[in-house]
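Engineer: Below are the sequence and a predicted model for it; my questions follow.
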Amino acid sequence: MTTKAAGASANVLAKTPGTQKKLWLAAIKPPMYSVAIMPIVVGTAIAVAETKTLQTGIFAIFVFAAILILAWENLANDVFDSETGVDIHKSHSLVHLTHNKSLIFWLGNLCLATGLFGIGAIAAMQKDLTVVGIILLCCILGYIYQGPPFRLSYQGWGEILCFFAFGPLAFAAAYYSQTQAWSGTNFAASTIVGMSTSLILFCSHFHQEADDAAVGKRSPIVRLGTQRAAQLLPWLTGSIFALTAVCVWLGVFPVTTLLVFASLPIAFKLCKHVGATHNKPEKVSNCKFIAVAMHFWSGIFLGLGFVLPQLLGLGTVLPA
Ligand SMILES: C/C(=C\COP(=O)(O)OP(=O)(O)O)CCC[C@H](C)CCC[C@H](C)CCCC(C)C
Ligand SMILES: O=C(O)C1=CC(=O)c2ccccc2C1=O
């Protein structure tokens, strides 16, 4: 399938002027940027809880850089996917909307360069290249996810790459940028946010099962089938709460992080919705946004749980 043919097919859906604004919004996907911000917010919250200092400038630069790097990932995704035919029905692909693949490619590269410049500025302030190294590793994971010749998402490795990029690696970089040290608590928290980020990706593939299978993209949903994937979802979602409870029980997290359980209703809504609609693409397609809401609120509550003892003046923030 050529880019032109895929674009023409997708544009049949994109003709109505009223839908254009919606398509552009869907293409830019503003809610998705919370996945870039959350590891920086929670990793920094843990650093603040442990060191009682916040380096505001480094935090602000890191958030800005993370948004730009994720913008590169998404722009490059539309470019690379336009070459395989997987986006044939994705009318909100930026390549289809602009009819200008090279513009999107270079815009993406500009975002990446600017984001990495921000990370370089943090390294220069710290006279330490560690954060640059970790973020470059995240970018390599981002590239092999979708770029030739690797395209590992087509083999079903996407969710695992996503876990490491937005979990342990992004958290290590965020925490290190504040403290120039490492933390076991930060690593434990990273597995929770990594899992909730991968769940977004997992959910985003339900409605694409037919298009993915047609071009040989073996996402976990294609491999398992929508029914088994829907049955697995409550276990994956439940692991976020189980991990939090275990970390509190082991004394790795303060008891206030149990606030994460306030996002349990969104987790129920997600599993119920997917359970009922997994094989109806037009109905299940919005489950990705329920997963984004669960990621957002569980992340915010987790971060808050770490700084709350300090905010409330309860003395020791983390168990001894
Ligand atoms: C682009 C991603 C998902 C979209 O995939 P798909 O092709 O199925 O979607 P469409 O249907 O919309 O075409 C996300 C991929 C995530 C990747 C494994 C890891 C990216 C890492 C970032 C580049 C690093 C961010 C670092 C930051 C948090 C400091
Ligand atoms: O467009 C998408 O579906 C996604 C974009 C994105 O950047 C991302 C990042 C982390 C997890 C999932 C996703 C998407 O699903």
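Structural biologist: Done, it's in. Ligands and ions are numbered 1, 2, ... in the order given.
Engineer: From here on, just use CA atoms for contacts and neighbour counts.
Structural biologist: Fine.
Engineer: Give me every residue in the stretch 101-250 of the chain that's in contact range of ligand 1.
Structural biologist: For the stretch 101-250 of the chain, the contact set with ligand 1 under CA under 6 Å from any ligand atom comprises Cys138, Cys139, Leu141, Gly142, Tyr145, Gly158, Leu161, Cys162, Ala165, Phe166, Ala170.
Engineer: Let me have those in JSON lines, extended by secondary structure.
Structural biologist: Shown next, in JSON lines, are these (DSSP: H, G, I helix; E, B strand; the rest coil):
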{"residue": "Cys138", "secondary structure": "helix"}
{"residue": "Cys139", "secondary structure": "helix"}
{"residue": "Leu141", "secondary structure": "helix"}
{"residue": "Gly142", "secondary structure": "helix"}
{"residue": "Tyr145", "secondary structure": "helix"}
{"residue": "Gly158", "secondary structure": "helix"}
{"residue": "Leu161", "secondary structure": "helix"}
{"residue": "Cys162", "secondary structure": "helix"}
{"residue": "Ala165", "secondary structure": "helix"}
{"residue": "Phe166", "secondary structure": "helix"}
{"residue": "Ala170", "secondary structure": "helix"}
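Engineer: Can you pull the phi/psi pair for Ala181?
Structural biologist: Taking degrees, to the nearest 10, you get phi -150, psi 180 for the backbone angles of Ala181.
Engineer: roughly how far apart are it and Met125?
Structural biologist: 15 Å (CA to CA, to the nearest Å).
Engineer: same question, Thr84
Structural biologist: 42 Å.
Engineer: These two: which has the busier surroundings?
Structural biologist: The residue with more neighbours, out of Thr84 and Met125, is Thr84; 16 against 11, by other CA atoms under 10 Å.
Engineer: Is that one part of a helix or strand, or is it coil?
Structural biologist: Under three-state DSSP, Thr84 comes out as coil.
Engineer: Start the count at 17 instead of 1 going forward.
Structural biologist: From this message on, residue numbering opens at 17, which makes the last subject Thr100.
Engineer: is it true that it touches Val231?
Structural biologist: Yes: counting by CA atoms under 8 Å, Thr100 does reach Val231; the two are 7.3 Å apart.
Engineer: before we move on, back to that, from the residues of the stretch 117-266 of the chain next to ligand 1, pick the one nearest ligand 2.
Structural biologist: Comparing these against ligand 2 with CA to the nearest ligand atom picks out Cys178 as the nearest, at 6.3 Å.
Engineer: need the contact list for the closest one.
Structural biologist: Under the criterion of CA atoms under 8 Å, 6 or more residues apart in numbering, the neighbours of Cys178 are Leu157, Gly210, Thr213, Ser214, Leu217.
Engineer: Could you check how far the closest residue to Ile306 other than its chain neighbours is from Ile316?
Structural biologist: What sits nearest to Ile306 in space, not counting adjacent residues and going by CA to CA, 6 or more residues apart in numbering, is Leu286, at 5.9 Å. Distance, Leu286 to Ile316, by CA to CA: 18 Å.
Engineer: Next: Ile150.
Structural biologist: In this structure, Ile150 and Ile316 are 23 Å apart, going by CA to CA.
Engineer: now do Ser206
Structural biologist: Going from Ser206 to Ile316 by CA to CA gives 13 Å.
Engineer: Settle it for me: which of these two has more neighbours?
Structural biologist: Taking neighbours as other CA under 10 Å, Ser206 and Ile316 compare with Ser206 leading, 25 against 18.
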